[in-house]
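heads up, no residue letters with this:
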């Protein structure tokens with residue numbers, strides 16, 4: 001669970017617990033491959049904890065995606081507004097949300113069936129997502 005786990009189709013929703021430079025680099029390769037054949041947009045629900053190499057990770061993320069910056073429900077979580085500010089500095093654009101559920105719901109609302117939603121950046125983000133599967137209609 002939590003490793004390139006598919007939760008929904010139309011739009012596709014995938015989560016992954018990759019949370020460091022090596023993990024995010026691999027996830028970006030997978031996202032690039034997944035998006036090559038599609039015509040939809042990439043939506044990324046993203047949060048990190050405050051003791052990771054945030055700047056290096058943000059530089060790896062695709063600039064063309066629509067971002068939903070959020071925070072996990074743990075004390076180590078980087079505040080979503082701070083994450084959004086750091087991301088904006090490297091050319092990533094989106095909005096911030098106080099919970100993973102709110103971020104994912106907004107991504108679902110703004111996505112078309114051909115779009116792709118990725119949720120990750122931290123094991124804790126994925127844990128919040130999977131804990132709230134029913135509230136998000138992922139069965």
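Cool, got the structure. Source: prediction; values computed, not measured.

please identify the buried residues of the longest helix seen in the chain?
As assigned by DSSP state H, the longest helix anywhere in the chain is helix 21-36. Within helix 21-36, the residues that qualify as buried are 23, 24, 27, 28, 31, 35, counting by 16 or more other C-beta atoms under 10 Å. (Glycine included, C-beta is placed from N, CA and C.)

where is pLDDT lowest across those residues?
pLDDT across the buried residues of helix 21-36 is lowest for residue 35, at 92.

how many residues are close by the closest residue to that residue other than its chain neighbours?
Nearest non-adjacent residue to residue 35, counting by C-beta to C-beta, 6 or more residues apart in numbering: residue 42, 5.7 Å away. A total of 19 residues lie near residue 42 under the criterion other C-beta atoms under 10 Å.

just to check, residue 42 is in contact with residue 112?
No. Counting by C-beta atoms under 8 Å, residue 112 is not a contact partner of residue 42; they are 11.9 Å apart.
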